[in-house]
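K.L.:
Provide a 3D model corresponding to the input given below.
(one chain, ligands or ions: 1)
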Amino acid sequence: MAPARPRTARAAATIREARPDDLPALARLGARLARLHHDLDPDRFFLPDEPIEPAYAWWLGKERASRRAVVLAAERRGRIVGYAYGRIEPRDWNTLRERSGVGVDLWVEPAARRAGLGARLVEVLVEKLAERGAPRVVLHVAARNERARRVFAGLGFRETVVEMARELAPPGRGRAVTAPGKRARTAAAPAATPVRPRARRASPRP
Ligand SMILES: CC(C)(COP(=O)(O)OP(=O)(O)OC[C@H]1O[C@@H](n2cnc3c(N)ncnc32)[C@H](O)[C@@H]1OP(=O)(O)O)[C@@H](O)C(=O)NCCC(=O)NCCS
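P.N.:
Residues are numbered from 1 along each chain as shown. Got it, this is the predicted structure:
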């Protein structure tokens, strides 16, 4: 793949498909992305109890080997400064969404931001998903993530769905729920970050 051309000298990062030796660095960035979402809205975006990094390195390694997925690394002076991850998802009747490329993760390290790297990562991701047959790319973004929403809007993404959530218990990390005839359990969502070997797939990251 030809490296994408940087827009500015400061943005002189090379975007390429991720290699196995990138996975620990990519997983560290993925964990930051998870923490960012939890900080934006702790009731909606849980943080797994397990360490995120090893599980996510495993998951991204599995994904990069899949023909349905694209995992990109942005490298500058030998350091990983960003990544993007997306996959082809089949037609989904619940959301009436045709087969699509889905952008799952996007992260640029703070020191490399505002130089066009985020936009370039998205463009290369879109290009790679199109090569894999995606007729469109959809992505989810946290409502409170205004910066990312601006970046996506600037790249031609239109708003299509608004997710709404209503908490049924005081804010916090889970609440007691007792099903009839069962012992109390916590209603906090289980870890979406896959933990080998139980997990089947990661949840899309908005
Ligand atoms: C969202 C994110 C990926 C954007 O990365 P980025 O590399 O800063 O993106 P860009 O540089 O392409 O664009 C960001 C801004 O810089 C501006 N910009 C781009 N090139 C520029 C340049 N050479 N000089 C000055 N500003 C520039 C863009 O116009 C844009 O402005 P805006 O914020 O007013 O819309 C980054 O902020 C990030 O990693 N955030 C945390 C994770 C996250 O939110 N991920 C997305 C949800 S999955």
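K.L.:
dump the residue contacts of the residue in the chain that the ligand sits nearest to.
P.N.:
Closest contact between the chain and the ligand, by CB to the nearest ligand atom, is at Gly118 (2.4 Å). Where C-beta positions appear, they are placed from N, C-alpha and C, glycine not excepted. Neighbouring residues of Gly118 by CB atoms under 8 Å, 6 or more residues apart in numbering: 82, 106, 108, 148, 151.
K.L.:
10 Å instead, please
P.N.:
The contact partners of Gly118, taken as CB atoms under 10 Å, 6 or more residues apart in numbering, are 11, 74, 82, 84, 106-108, 112, 147-148, 151-152, 154-155.
K.L.:
Neighbour count and distance to Ala165 for the residues you listed - can I get that in TSV?
P.N.:
Shown next, in TSV, are those (neighbours: other CB atoms under 10 Å; distance: CB to CB, whole Å):
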residue	neighbour count	distance to Ala165
Ala11	21	36
Ala74	28	32
Gly82	23	29
Ala84	27	26
Leu106	23	22
Trp107	22	24
Val108	24	27
Ala112	19	32
Arg147	11	21
Ala148	17	19
Val151	20	23
Phe152	20	21
Gly154	11	27
Leu155	13	26
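K.L.:
Just confirm the residue of the chain closest to the ligand is within a helix.
P.N.:
Yes. Counting by DSSP: H, G, I helix; E, B strand; the rest coil, Gly118 is located in a helix.
K.L.:
among the contacts of Gly118, which are in helices?
P.N.:
In helices, defined here by DSSP state H, the members of the contacts of Gly118 are 147-148, 151-152, 154.
K.L.:
out of those residues, which touch the ligand?
P.N.:
The residues of those that also fall near the ligand, by CB under 6 Å from any ligand atom, are 147-148, 151, 154.
K.L.:
from memory Arg147 sits against Arg113, does it?
P.N.:
Yes. Applying CB atoms under 10 Å, one finds Arg147 in contact with Arg113, separated by 8.8 Å.
K.L.:
Could you name every residue contacting both of those two?
P.N.:
With CB under 10 Å, 6+ apart as the test, Arg147 and Arg113 reach no residue in common.
K.L.:
Would you mind measuring from the closest residue in space to Glu75 that isn't next to it in sequence to Gly82?
P.N.:
Distances taken as CB to CB, 6 or more residues apart in numbering place Thr14 nearest to Glu75, at 5.2 Å, with adjacent residues excluded. Thr14 sits at a distance of 11 Å from Gly82 (criterion: CB to CB, to the nearest Å).
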